[in-house]
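Asks: got a predicted structure here, sequence first:
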Amino acid sequence: MLRYLARRLLVAIPTLLAISFIIFAVLDLAPGDPTGNLPLTIPAEVREQVRRSLGADDPFLIKYAKWARQFFVYEPISLFENATGLALPGKENRLRILSWQTRSPVSDLIVQRLPQTLWVVGLAYLLGIVIAIPVGVYSAYRQYSVFDQIGTLVSMIGFSVPTFFTGLLAIIIFSVQLKWLPSIYDTTLVVRDWPSFVQQVKQMIMPVTVLAFFNASQLSRFMRSTMLDNLHQDYARTARSKGLKESVVVLQHVLRNSLIPVVTLIALGIPGVFTGAIITEQIFRVNGLGDLLIRGIYNSDIPLVQTITFMFAVLIVFFNILADVAYGFLDPRIRYD
Amino acid sequence: MKFVRTTTLVVGLLALMGASLAQQGRDGTVTLLYWQAVSILNPYLSGGTKDIYGSSIVLEPLARYAPDGSFIPYLATEIPTQENGGISDDLRSITWTLRDDVVWSDGTPFTSADVVFTGAYCMSDEAGCTARNFFSDIESIEATGDHAVTITFTVAKPFPYAAFVSAESPILQKAQFENCLGVRAQECAAENFGPIGTGPFMVSDFRPNDVVTYEANPLFREADKPAFQTVILKGGGDAASAARAVLETGEADWAWNLQVAPEVLARMEAAGIGQLTSSFGTSVERVLVNFTNVDASLGNDRGEYMGGDNPHPILSDLRVRQALSKAIDREILVEIGYGPTGATTCNIIPAPEIYASTANDDCLVQDIEEANRLLDEAGWERGADGVRAKDGRRFSLLFQTSTNAVRQDFQALIKEWWEELGVEVELRNIDAGVFFGNDPSSPDTYGKFWTDVQMFTSSAAGTDVESYANRWTCAEISGRANQWLGNNQHRWCNTDYDALRQELAQTVDIDARAELIKTLNDMLVQDVAVMPLVHRADVSARSNTLMGTHKQSWDSELWNIADWYRGQ
């Protein structure tokens, strides 16, 4: 098992290096200009100076080498320094990855955006799972019952209606008409007493519900179909014929086996939590990582986009390994040694 | 001892009374909503309107534009003119006298050293200062006293009010930015995110691209101002939802730049808790005509001016250009795209009032018949499929613009009108970041203009029409030599225009300047180098309870935030 893990991790290193190079190349080849969104009153020669000061006109390989050194060497050192409060020699010369638009270290921006993304998108993901599993199980167990029919209808609506529509609908109903919930998410709110906690809950209700609805719809369909596959397997019939109680058959035998692919799906979805939900974040002004990424793309903020995209790649590779390892624990038939 | 105690008591009481009379911060919090969030609070490193406005309530210039386009002294005691001796007779220097009663929000005094430093900061070539053109032709900036600064120019400057004037060129504190000169400018995140200023508010918390929180500056020179204690400038989302937050839910007091369909805004305004407020600057949505041949088969010479030897095969004929302009119904365009936030115009320089020409107003009426007649006269005859042709060449145009719902509507309408003339029109829209970008390797930039006509909005910086008029001179023609960065994207060249533009640079008298500017405008429009379509207003929304606002387009819309208050 450990050897398998070590091998996978070693293979991941060249994979990630290749990914980082490809992302960089794609971003560099894509048309776009960091000064493209400046007012047209700013003359071209000034734009030229701005681009030079950002290093946007450097040759591709030099830009990549700079970024790689900053990401793999300087940023970890800076993180270490910030965490421990120590200052290692050469601190002044270690230029961190600076976002072109804000001139702020990219990692600071990410750290600033993480809390609201984890709260809103993460909570929605959790809530989605908590809703989806029982709904999926029961729908499969009572296939074609009224519950199953309604569940199917609702989840069909859930994943065919986009969040920019459900989000807007929620705002029109609950903010504009009823005036119950705020449509603007306050990222500066600090929960320190009961009223501020209530306010935090209020501002999270709409984005979390909209996202959770979407997540639950997809996952519950998947849960239902894997349950259906397993319910008609021979081992389920054997368990029943042994005289086991129905709840034991369904919840212990069938559910456990059905969960194997679902767990993989959930694990592979976790990186998505960290990149945020671009559309939902924009609608409710949650301004998390998804918003950071999309604005970076709009403004050709290459260092920012490159760093976020690459971190996403790291997370995907990592959670892929994790899902494979989890298989080994969940499914006794799979052994890695 | 008793005396001391009494004195303390009296002083304390007086201070209390003073506080209750002064009432700074009496109205609590005001929330501003910018759908493009503020990225940085140093306007010299951004140039983006949102960032300039966001910093304008902290940093102040020597003088600002007033809503009528004139100047108001801010950190200077008066506006230098030739009459008051502030501008030298040879027009080569200007001397600003600074107020001596101003302190930075950290308590240190504001002096001429700060002004000189700010000049050096932006004029460093490595800094990448976006307001660099505000400091063009400057030979030196010198402190001629603790509260006097003299700027010397390399040429005579009839209009020397660019450096240190308006929200785009405010004063930075020397003590704070001293270590951020040149290449280091990029690395000063803390300074760029929390500039110390002299304005009514101070930055208390900044989250780039998300939200800025400001607190009232207790050392602000006008003791009873500002009325608000806290300003929250929240960013993100889109223009329509920003409008909704002010006009329908009342969650915010002010929303910026509402480029939303007019009927949607009108419906929101009907809720009755807020209203739209708009002002007209020099922004004009226009169609540019290409004067060079952009046929791909020309290879390297594609779109090159070549001293006039590479003319556009169709659009070089004035009658053709006139016909295309006459076919456009500008009133319909305004109605569909802008409603009350736009006005028809036939001028490329439509404001300020004194510069607006009235010589071209006949363009306001669509005249398809006349347009057809002009094309007939020019020798373009309709073929069997209805498309005109001449000498075996079809009258076919490629029309590009940036991706934007209103622009695509405009494209479709104009295509329809031109097709009525027997013109074949192909439309193309390009992502704004690419179209307005200057990537020399991209074929789709507005600077390369490798199509026959293109459409976008542009404007002068403030009221400085002189440098705006410069972009149509022959020297500004964009081409390979300047990496397609020239401002004359049309590749239109007229030596008479250039001569008049030169004359403008030597003219001081305001009326004579106005006449020259009108003539320059008329030359451009009457030669149909450009077809002005819509004079666009800047639109914001304010809550009915937010008073004292005075929106304008020449300076920051938050220019007078010190006077804002909460009322009924």
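Replies: Perfect, thanks for sending it.
Asks: enumerate the residues of the stretch 101-250 of chain B near chain A.
Replies: Residues of the stretch 101-250 of chain B lying near chain A by C-beta under 8 Å from any C-beta of the partner chain: B:125-130, B:132-133, B:183, B:185-189, B:192-193, B:205, B:207-211, B:213, B:232, B:234-238, B:241, B:244-245, B:248-249. C-beta: built from backbone N, CA, C; applies to glycine.
Asks: phi, psi for B:Thr292 please.
Replies: Main-chain torsions, B:Thr292, degrees, to the nearest 10: phi -120, psi 160.
Asks: so who does it touch?
Replies: B:303-306, B:310-312, B:491 (C-beta atoms under 8 Å, 6 or more residues apart in numbering or on different chains).
Asks: for those, which one is nearest B:Tyr497?
Replies: Of all the contacts of B:Thr292, B:Arg491 has the smallest distance to B:Tyr497: 13.5 Å, by C-beta to C-beta.
Asks: and for the closest one, the neighbour number?
Replies: The tally of other residues near B:Arg491 (other C-beta atoms under 10 Å in any protein chain shown) stands at 28.
Asks: test my guess that it contacts B:Ile477.
Replies: Yes: counting by C-beta atoms under 8 Å, B:Ile477 is a contact partner of B:Arg491 at 5.1 Å.
Asks: give me the common contacts of the two.
Replies: B:Tyr305.
Asks: picking that back up, just the closest of the contacts of B:Thr292 to B:Gly437, please.
Replies: B:Gly303 (16.8 Å).
Asks: need the contact list for the closest one.
Replies: B:290, B:292-294, B:448-450, B:479, B:491.
Asks: please apply the same query to B:Gly342.
Replies: B:Gly342 touches B:285, B:334, B:534-537, counting by C-beta under 8 Å, 6+ apart.
Asks: if we use 6 Å, what do you get?
Replies: B:334, B:534, B:536 (C-beta atoms under 6 Å, 6 or more residues apart in numbering or on different chains).
Asks: could you give the bridge partners of it?
Replies: Going by DSSP bridges, B:Gly342 is paired in beta bridges with B:Arg536.
Asks: convert stretch B:463-475 to PDB, retaining C-alpha atoms only.
Replies: Taking C-alpha atoms only, stretch B:463-475 is exported to PDB below (Å, rounded to 0.1, in the frame of the first residue of the first chain):
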ATOM      1  CA  THR B 463     -12.100  68.300 -20.700                       C
ATOM      2  CA  ASP B 464      -8.700  68.100 -22.400                       C
ATOM      3  CA  VAL B 465     -10.000  68.100 -26.000                       C
ATOM      4  CA  GLU B 466      -6.600  69.200 -27.300                       C
ATOM      5  CA  SER B 467      -4.800  65.900 -26.700                       C
ATOM      6  CA  TYR B 468      -8.000  64.100 -27.800                       C
ATOM      7  CA  ALA B 469      -7.900  65.900 -31.100                       C
ATOM      8  CA  ASN B 470      -4.300  64.800 -31.500                       C
ATOM      9  CA  ARG B 471      -5.300  61.200 -32.200                       C
ATOM     10  CA  TRP B 472      -6.500  62.100 -35.800                       C
ATOM     11  CA  THR B 473      -3.200  63.500 -36.900                       C
ATOM     12  CA  CYS B 474      -1.100  61.800 -39.500                       C
ATOM     13  CA  ALA B 475       1.700  61.200 -37.000                       C
END
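Asks: number of nearby residues for the closest residue to chain A within the stretch 101-250 of chain B?
Replies: Nearest residue of the stretch 101-250 of chain B to chain A, counting by C-beta to the nearest C-beta: B:Gly128, 2.7 Å away. By other C-beta under 10 Å, the residues close to B:Gly128 number 28.
Asks: for it, which non-adjacent residue is closest in space?
Replies: Once flanking residues are discounted, B:Gly128 sits nearest to A:Ser53: 2.7 Å by C-beta to C-beta, 6 or more residues apart in numbering or on different chains.
Asks: buried sites along the helix or strand encompassing that neighbour?
Replies: Per DSSP states H and E, A:Ser53 falls inside helix A:44-54. Counting neighbours by 16 or more other C-beta atoms under 10 Å in any protein chain shown, one finds that the buried residues in helix A:44-54 are A:44, A:46-51, A:53-54.
Asks: from those residues, which has minimum pLDDT?
Replies: Least confident of the buried residues of helix A:44-54 in the model: A:Ala44, at 78.
Asks: ok, now how distant is that residue from B:Cys474?
Replies: 16 Å (C-beta to C-beta, to the nearest Å).
Asks: and if you look at A:Val208?
Replies: Counting by C-beta to C-beta, the gap from A:Val208 to B:Cys474 is 60 Å.
Asks: all helices of the stretch 101-250 of chain B, in order?
Replies: B:112-123, B:174-177, B:189-193, B:239-247 (DSSP state H, counting those that start in this stretch).
Asks: and the first one, what does it pack against?
Replies: Helix B:112-123 sits against strand B:138-145, helix B:174-177, with contacts defined as 3 or more C-beta pairs under 6 Å, 6 or more residues apart in numbering or on different chains; DSSP states H and E.
Asks: export these as TSV, with columns for distance to A:Lys245, mean neighbour count and mean pLDDT.
Replies: Putting the helices and strands packed on helix B:112-123 into TSV (distance: least, C-beta to C-beta, whole Å; neighbours: other C-beta atoms under 10 Å in any protein chain shown; pLDDT from 0 to 100) gives the following:
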stretch	distance to A:Lys245	mean neighbour count	mean pLDDT
strand B:138-145	89	15	94
helix B:174-177	74	19	96
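Asks: how about TSV for those, with distance to B:Glu377 added?
Replies: As requested, the helices and strands packed on helix B:112-123 are exported to TSV (distance: least, C-beta to C-beta, whole Å):
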stretch	distance to B:Glu377
strand B:138-145	51
helix B:174-177	63
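Asks: nearest to B:Ala323, out of the ones you listed?
Replies: strand B:138-145 (45.9 Å).
Asks: so in that sheet, which strands flank the closest one, and in what orientation?
Replies: Applying DSSP bridges, one finds strand B:138-145 paired with strand B:148-153 (antiparallel).
Asks: compute the first-to-last residue distance for stretch B:37-55.
Replies: 12 Å (C-alpha to C-alpha, to the nearest Å).
Asks: for stretch A:25-45, same thing?
Replies: 27 Å.
Asks: may I see the buried residues of it?
Replies: A:27-28, A:31-39, A:41-44.
Asks: now do the helix ranked longest in chain A: distance to the chain's middle.
Replies: Assignment by DSSP state H gives helix A:194-231 as the longest helix of chain A. Computed by C-alpha atoms, centre = their mean, to the nearest Å, the chain-centroid distance of helix A:194-231 equals 15 Å.
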